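Undergrad: Build the 3D model from these lines:
(one chain, ligands or ions: 2)
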Amino acid sequence: MAHMTDQEIATQADIRPIEEIAEKAGIPYDALEMYGKYKAKVDIHKIQGDEQHSKVVLVSAMNPTPAGEGKSTCTVGLADAFNKLEKKVMVALREPSLGPVMGIKGGATGGGRAQVLPMEEINLHFNGDLHAITTANNALSAFIDNHIHHGNALDIDPRRVTWKRVMDMNDRALRQVVVGLGGVTRGVPREDGFDITVASEIMAVLCLASDLIDLKKKLAEIVIGYTYDREPVTVGQLEVEGALALLLKEAVKPNLVQTMEGTPALIHGGPFANIAHGCNSLIATNTARKLADIVVTECGFGSDLGGEKFMNIKARKGNFAPDALVLVATIRALKMNGGVAKKDLGEANLEALKLGIVNLDKHIENARKFGVEPVVALNDFVTDTDEERDFVLDWCKEQGVRVSLTKVWEHGGAGGTDLAEKVLEVLEMPQNFHHLYEDALPIDQKIETIVTEVYGGDGVIFTDKAKKQLAEIDRHGWGDFPVCMAKTQYSLSDDPALLGRPKGFKVTVREVVAKTGAGFVVALTGDIMTMPGLPKVPSAVNMDVDADGSSTGLF
Ligand SMILES: Nc1ncnc2c1ncn2[C@@H]1O[C@H](COP(=O)(O)OP(=O)(O)O)[C@@H](O)[C@H]1O
Ligand SMILES: O=COP(=O)(O)O
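TA: Numbers count the residues shown, from 1 in each chain. Ligands and ions are numbered 1, 2, ... in the order given. Predicted coordinates for the structure are as follows:
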């Protein structure tokens, strides 16, 4: 299998009609809205069940290499392992963005023998949710500029429109643009810019809404900018929340697909975890909780990003708690955190491993800060050496943390049964989950808490701009919102070059932006960008499609 690509493996897999998968999941046929033979959307109002009976296993990771350490792969493989152990299990994943697909990161459907199917369709347009979110976001931009053009009754200051256009592609050329050029018939000139769709507040609102009506309520509460008197202007004041909800009425339904071993999977919502909250939707997770005894779900990048935001944002707003946390680690990521250059990560290097393991140590500590017991999944690469594997396994045992040499990429569910057994031990333990901070803590202190407790930093430097924005947030009464940190995924700090377990650093917060529809405040740190750029040689150059529609190069 080593010579086969993920796409080749997925294409050769035995895929079942989606009705069979729905039946296995306990989803009634009349709740399905078919999207071809192998995909469907689910009408959640036709799903019965008690969410509280389900156990939630969250899959996070250590700080990753640019390729990713196998969270999606281990999420799928662990669920397949539970399936092999005859547990009633479902997977809840985020859906891919075309930015990383065409760029460098790849898709979000797992890998090897631990993938969700149909991989090509999921990684390209899937059921159209990302396009619907892009359209709703940009329709709002059009409504804003149209309002300003036609008399501006709400007195919107064109210099203070905070709502940005989006595109689901990495395009640095669109980070800053000017719209409304060409004279009086073409609108009012103003600066604008594009974010990538997965950083849109529309995405965040869709992921945190409980249903379509709640979505519409959250949409109405989005602040799109400020008046000349610095007062916030909302979507509700533009009276377009109904139109936006209409554009999203299909996208708000979760998508049912399957793993290569026939385990039911709900894929819905796809915010990145470095620039957004990095968790799939509450609708999908709660639907899975109603249907399955165990839900395996993932969050982006490491415990410092997706993990922290799952605990402090998604679990808080969803009023539930994770029952176990799987920390995916790889020998290659440990070596990178021990100072090995990316090009040399394939070479055995025990010394670097000993240095880099401090990064994993911090992520184990982070899990326990939330009162959630971690299980380390050492995601095994065929290039790893026994000496390296043994060092990590022995180290974990010395630290008193459960660890499993996980081979789901190579063997599917059969490669994850040891991991599943260890997770089951944790699921038997009493739940001790707690948030890191209470709602009433001021925003700046929430940020300080995250930086010192989760990142291991010494404190926060707020720019003058951020300080002014904090004061405005307090003035408008948004201080109770949780915080969504926008930070590099490579380092615990805001400096991507600081690997391992940096100490004595401060994080610089350059901007603090209230997302009043989603109900959180985004703190932009370091040089993080909300519109990524493409690499010099994007993955796109390896892609092709022939006359019968069969594609190549989708990793
Ligand atoms: N154990 C493994 N051996 C080889 N390749 C792997 C392994 N685990 C993951 N991969 C590959 O690494 C890439 C990233 O995996 P993915 O699960 O998407 O990571 P993440 O979700 O953490 O970003 C995928 O191409 C996948 O096939
Ligand atoms: O938001 C980032 O998610 P991954 O860790 O799955 O790339």
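Undergrad: Per-residue confidence, the nearest residue to K46 once chain neighbours are set aside, what does it come out as?
TA: With sequence-adjacent residues excluded and distances taken as Cβ to Cβ, 6 or more residues apart in numbering, K46 is closest to A31, at 3.7 Å. Where you see a C-beta, it was placed from the backbone N, CA and C, and this is true even at glycine. The model reports A31 with a pLDDT of 98.
Undergrad: If you tally nearby residues, what's the number for A31?
TA: 20 (other Cβ atoms under 10 Å).
Undergrad: Check the gap between it and ligand 1 for me.
TA: From A31 across to ligand 1, the span is 29 Å (Cβ to the nearest ligand atom, to the nearest Å).
Undergrad: residues contacting that residue?
TA: A22, V42, D43, I44, K46, I47 (Cβ atoms under 8 Å, 6 or more residues apart in numbering).
Undergrad: Could you pull out the helices in the stretch 301-450 of the chain for me?
TA: For the stretch 301-450 of the chain, applying DSSP state H, counting those that start in this stretch gives helices covering 308-309, 315-318, 331-337, 350-369, 386-399, 408-411, 417-427, 443-449.
Undergrad: So which of these is nearest ligand 1?
TA: Taking Cβ to the nearest ligand atom, helix 408-411 is the member of these nearest to ligand 1, at 3.4 Å.
Undergrad: Which residues does the closest one contact?
TA: In contact with helix 408-411 (Cβ under 8 Å, 6+ apart) are residues 1, 70, 73-74, 76-78, 80-81, 111-114, 379-382, 415-416, 419.
Undergrad: what do you get if the cut-off is 10 Å, keeping everything else the same?
TA: 1-2, 6, 9, 70, 73-81, 110-115, 377, 379-382, 414-417, 419-420 (Cβ atoms under 10 Å, 6 or more residues apart in numbering).
Undergrad: excluding its backbone neighbours, what's nearest the residue of the stretch 451-555 of the chain at minimum distance from ligand 1?
TA: Sorted by distance to ligand 1 under Cβ to the nearest ligand atom, the residues of the stretch 451-555 of the chain start with F555, at 5.4 Å. For F555, ignoring the flanking residues on the chain, the nearest one in space by Cβ to Cβ, 6+ apart is G106 at 4.8 Å.
Undergrad: How about the secondary structure of the one you found?
TA: For G106, the assignment made with DSSP: H, G, I helix; E, B strand; the rest coil gives coil.
Undergrad: Surely it and L98 touch.
TA: No: counting by Cβ atoms under 10 Å, G106 sits too far from L98 to count as a contact (11.5 Å).
Undergrad: where do the contact lists of these two overlap?
TA: Joint contacts of G106 and L98 (Cβ under 10 Å, 6+ apart) are N123.
Undergrad: Neighbour count for those two, which is higher?
TA: L98 (23 against 19).
Undergrad: ok, and which of the contacts of helix 408-411 reach ligand 1?
TA: D6, G70, T73, G110, G111, G112, N379, D380, F381 (Cβ under 6 Å from any ligand atom).
Undergrad: quick one: which of the residues you listed is most hemmed in?
TA: Result: G110 is most packed of those (other Cβ under 10 Å), 32 neighbours.
Undergrad: Please identify the residues of the chain in proximity to ligand 2?
TA: G68, K71, S72, K105, A108, F272, A273, G278, G300, F301.
Undergrad: quick one: contacts for the second one?
TA: So the one you mean is K71. Here K71 is in contact with 59-61, 64, 93, 108, 110, 273, 298-302, 306, 326-328, 377, 379 (Cβ under 10 Å, 6+ apart).
Undergrad: re the thing from before, from the residues of the chain next to ligand 2, which would you call buried?
TA: G68, K71, S72, K105, A108, F272, A273, G278, G300, F301 (16 or more other Cβ atoms under 10 Å).
Undergrad: would you list every one of the helices in the stretch 51-200 of the chain?
TA: Counting by DSSP H, counting those that start in this stretch, the helices of the stretch 51-200 of the chain are 71-84, 98-102, 119-123, 129-149.
Undergrad: Please save the CA atoms from the first one in PDB.
TA: Output for helix 71-84, consisting of C-alpha atoms alone and laid out as PDB, is shown next (Å, rounded to 0.1, in the frame of the first residue of the first chain):
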ATOM      1  CA  LYS A  71      -5.800  13.800  13.300                       C
ATOM      2  CA  SER A  72      -8.400  13.200  10.600                       C
ATOM      3  CA  THR A  73      -6.800   9.800   9.900                       C
ATOM      4  CA  CYS A  74      -6.700   8.800  13.500                       C
ATOM      5  CA  THR A  75     -10.300  10.100  14.100                       C
ATOM      6  CA  VAL A  76     -11.600   7.900  11.300                       C
ATOM      7  CA  GLY A  77      -9.400   4.900  12.200                       C
ATOM      8  CA  LEU A  78     -10.400   5.100  15.900                       C
ATOM      9  CA  ALA A  79     -14.000   5.200  15.000                       C
ATOM     10  CA  ASP A  80     -13.500   2.100  12.800                       C
ATOM     11  CA  ALA A  81     -11.700   0.400  15.600                       C
ATOM     12  CA  PHE A  82     -14.800   1.100  17.900                       C
ATOM     13  CA  ASN A  83     -16.900  -0.300  15.100                       C
ATOM     14  CA  LYS A  84     -14.800  -3.400  15.100                       C
END
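Undergrad: Chain neighbours aside, what residue packs nearest to V177?
TA: D192 (5.3 Å).
Undergrad: ditto for P66
TA: Looking at P66 with Cβ to Cβ, 6+ apart, the closest residue is I104, at 6.4 Å.
Undergrad: Let me know the distance separating the one you found from ligand 1.
TA: For I104, the distance to ligand 1 - Cβ to the nearest ligand atom - is 11 Å.
Undergrad: Which residues are in contact with that residue?
TA: P66, A67, N170, P532, L534, P535, K536, V537, P538, S539.
Undergrad: what pLDDT, on average, does stretch 150-159 get?
TA: So the average pLDDT for stretch 150-159 ends up being 98.
Undergrad: so how many other residues sit close to the residue nearest to K369 when sequence neighbours are not counted?
TA: If the residues on either side of it in the chain are set aside, K369 comes closest to E453, at 5.9 Å by Cβ to Cβ, 6+ apart. For E453, the neighbour count with other Cβ under 10 Å is 16.
Undergrad: Next one: the residue in the stretch 301-450 of the chain positioned nearest to ligand 2 relative to ligand 1, how far apart?
TA: As assessed by Cβ to the nearest ligand atom, ligand 2 sits closest to F301 within the stretch 301-450 of the chain, at 4.3 Å. From F301 across to ligand 1, the span is 8 Å (Cβ to the nearest ligand atom).
Undergrad: same thing with Y228?
TA: In this view, Y228 and ligand 1 are 45 Å apart by Cβ to the nearest ligand atom.
Undergrad: residues touching the nearest residue to H149 once chain neighbours are set aside, list them.
TA: Once flanking residues are discounted, H149 sits nearest to G187: 4.8 Å by Cβ to Cβ, 6+ apart. The neighbours of G187, taking Cβ under 10 Å, 6+ apart as the test, are A142, D145, N146, I148, H149, H150, P158, V179, G180, L181.
Undergrad: And for A132?
TA: T197, I202, L206, L247, L248, K249, E250, A251, V252.
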